[in-house]
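Participant: Give me a 3D structure for the following:
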Amino acid sequence: QVESRLLSIIESLPAITGVYYIHKADGEIIYIGKSKNIRKRINQHFTGTTRKAKKIQLQVAAVTYEACGSELVALLKESEAIKQNKPIYNRALRKTVFTHALYSFTDENGYINLKIDKVDGRKKPITTFSNRQSAKSFMFNKVEEYQLCQKLTGLYDSKSHCFNYTVKTCEGACVQEEAPEEYNKRVQQLIDKNSFSNENIVIVDRGREVDERSAILIQNGVFKGIGFFNLNYQINNLDVLESIITPMENNKDTQHIIKSYLRRNKNIKVLNIK
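Facilitator: The predicted structure is shown next:
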């Protein structure tokens, strides 16, 4: 009885990227998730042996879904839907999805320092990370990419110069050999590239159909919402954009989701808006 019910639900679902909603018989949503392959993911729920999976298997009466095309759209819609519906089996996800952040401060010599720290709600981070490890590896990459000083980015604890200075890949900001103005230019580039604090951009990603794309709108550094458009649209025109965007809430989670997605997907299209 249970198995045939679960099987017919699985067979009715598509193998697409989107958000899915698991309902009880009375329609109440008990779990929300996102996947690049909804059918496969629901199959995992229905064959899982954890306590949560077994409870879901007993209670599920229907699964509805929303096609998203893009994984980023799915992540943002999932986050908003969980906040709005607070499903009983999504408890674990209600905890914040990021633990560490990148902050900056200017030291007594006028150099902008970067620092990885635990997330502090009172300070505005440049960007956020799911754990310390991903924050560190991000920082190591950026020190190389922007030729920054290991000491001033918190990666090398030293009373004098950093290790990179000895191998000539640091220009000497740690021992005030490079002027703060020169050094800070490169730090500022990194900050601007990763914070979109005042940026007006649209992130263009896959759509739900072949000739469609998704648009994620950021205005003055604030996430505004998501829309879908046909390929022949003038997408970087703000009036056109605003007519297709469905407004969504901007919060710390959405900022984290967007920034970490852009870090992982380097080749994604980001357009400036006129």
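Participant: secondary structure class for Glu249?
Facilitator: coil (DSSP: H, G, I helix; E, B strand; the rest coil).
Participant: Next: Ile32.
Facilitator: strand.
Participant: And the pLDDT for it?
Facilitator: Looking at Ile32, its pLDDT stands at 97.
Participant: measure it to Ala81 for me?
Facilitator: 5 Å (CB to CB, to the nearest Å). Every C-beta, even on glycine, is put in place using the N, C-alpha and C of the backbone.
Participant: Compare those two (neighbour count), which wins?
Facilitator: Ile32 (23 against 20; other CB atoms under 10 Å).
Participant: The more buried one and Val63, how far apart?
Facilitator: 11 Å.
Participant: what do these two both touch?
Facilitator: Jointly contacting Ile32 and Val63 under the rule CB atoms under 8 Å, 6 or more residues apart in numbering are Tyr20, Tyr21, Ile22.
Participant: From the chain's centroid, how far away is the helix or strand harbouring the first one?
Facilitator: Spelled out, that is Tyr20. Assigned by DSSP states H and E, Tyr20 belongs to strand 18-23. Centre-to-centre, strand 18-23 and its host chain are 20 Å apart (CA atoms, centre = their mean, to the nearest Å).
Participant: List of residues touching that strand?
Facilitator: With CB under 8 Å, 6+ apart as the criterion, strand 18-23 contacts 13, 29-35, 38, 41-42, 45, 56, 60-69, 74, 77-78, 81, 87, 89.
Participant: Out of these, list just those in strands.
Facilitator: Members of the contacts of strand 18-23 lying in strands (criterion: DSSP state E): 29-35, 62-67.
Participant: circling back to that earlier point, please identify which of the shared contacts of Ile32 and Val63 is nearest to Glu3.
Facilitator: Ile22 (16.7 Å; CB to CB).
Participant: what about the residue lying closest to Leu152 once chain neighbours are set aside, neighbour count?
Facilitator: Closest residue to Leu152 apart from its sequence neighbours, by CB to CB, 6 or more residues apart in numbering: Asn113 at 4.9 Å. A count of nearby residues for Asn113, using other CB under 10 Å, gives 18.
Participant: Would you agree Asn113 is in contact with Leu155?
Facilitator: No. Look at Asn113 against Leu155 with CB atoms under 8 Å: they stay out of range, at 11.2 Å.
Participant: Am I right that Glu182 is in a helix?
Facilitator: Yes. Assigned with three-state DSSP, Glu182 falls within a helix.
Participant: who are the neighbours in contact with it?
Facilitator: Glu171.
Participant: Which pLDDT value does the model give it?
Facilitator: The model's pLDDT for Glu182 equals 96.
Participant: And for Leu114, nearest residue in space, chain neighbours not counted?
Facilitator: Thr153 (4.6 Å).
Participant: Just the element for that neighbour, please.
Facilitator: Going by DSSP H and E, Thr153 is not part of any helix or strand.
Participant: these two touch, right, it and Tyr111?
Facilitator: No. Judged on CB under 8 Å, Thr153 makes no contact with Tyr111 at a distance of 10.5 Å.
Participant: between the two, who's got more neighbours?
Facilitator: Neighbour count, other CB under 10 Å: between Thr153 and Tyr111, Thr153 has more, with 24 against 21.
Participant: so how far is Arg186 from Phe138?
Facilitator: 16 Å.
Participant: got it, and Ala215?
Facilitator: 31 Å.
Participant: Quick check on those two: which one has the bigger neighbour count.
Facilitator: Ala215 (25 against 19).
Participant: strand partners of the helix or strand that contains that one, parallel vs antiparallel please.
Facilitator: Using DSSP H and E, Ala215 maps to strand 212-219. Strand pairing for strand 212-219, using DSSP bridges, gives strand 201-206 (antiparallel), strand 222-230 (antiparallel).
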